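K.L.:
Okay, sequence plus prediction incoming.
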Amino acid sequence: MAPVTEDMTEEERELALIEAERLLELGRIEWEESRYAEATTCFERSLLSFRSLKHQIGITQALGQLGNTHHSQGQYERSISHYKEALTIAQEIGDKLSEGRQLGWLALVYQTKAEYDQ
């Protein structure tokens, strides 16, 4: 995948966005198959692309999926970090759906950790 730059044409930016979304979906498939290393790679690459495109909704989706992947592996602090970053972005852009998802996922991690006061 070519790096996203300021001098890209609109078509090139659209293709970069499609590629980021493809990586996000591929990561979801890998996660569903419990191939967490592969899922993490896809989500990280997707996140990098969304960040360079300044696509806030994509960033929250990729961070949430990274959080899910780390949660599935028992890496609770890493998952919390991703969820909190995604939550902050969702609140900043007024994305109530993503905000609700991040809060729900955070609650699941804290429940798993038996930290009910969180």
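P.N.:
That came through fine.
K.L.:
helices or strands up against the lengthiest helix in the chain?
P.N.:
When the chain is parsed with DSSP state H, its longest helix is helix 10-32. Helix 10-32 sits against helix 36-53, helix 56-72, with contacts defined as 3 or more CB pairs under 8 Å, 6 or more residues apart in numbering; DSSP states H and E. No exception for glycine: its C-beta is placed from N, CA and C like everyone else's.
K.L.:
Give me the distance from that helix to the chain's centre.
P.N.:
Its chain's average C-alpha position is 12 Å from that of helix 10-32, according to CA atoms, centre = their mean, to the nearest Å.
K.L.:
can you list the residues that contact that helix?
P.N.:
With CB atoms under 8 Å, 6 or more residues apart in numbering as the contact definition, helix 10-32 has outside contacts at 1-2, 4, 8, 36, 38-43, 45-46, 49-50, 52-53, 55, 58, 61-62, 65, 68-69, 72.
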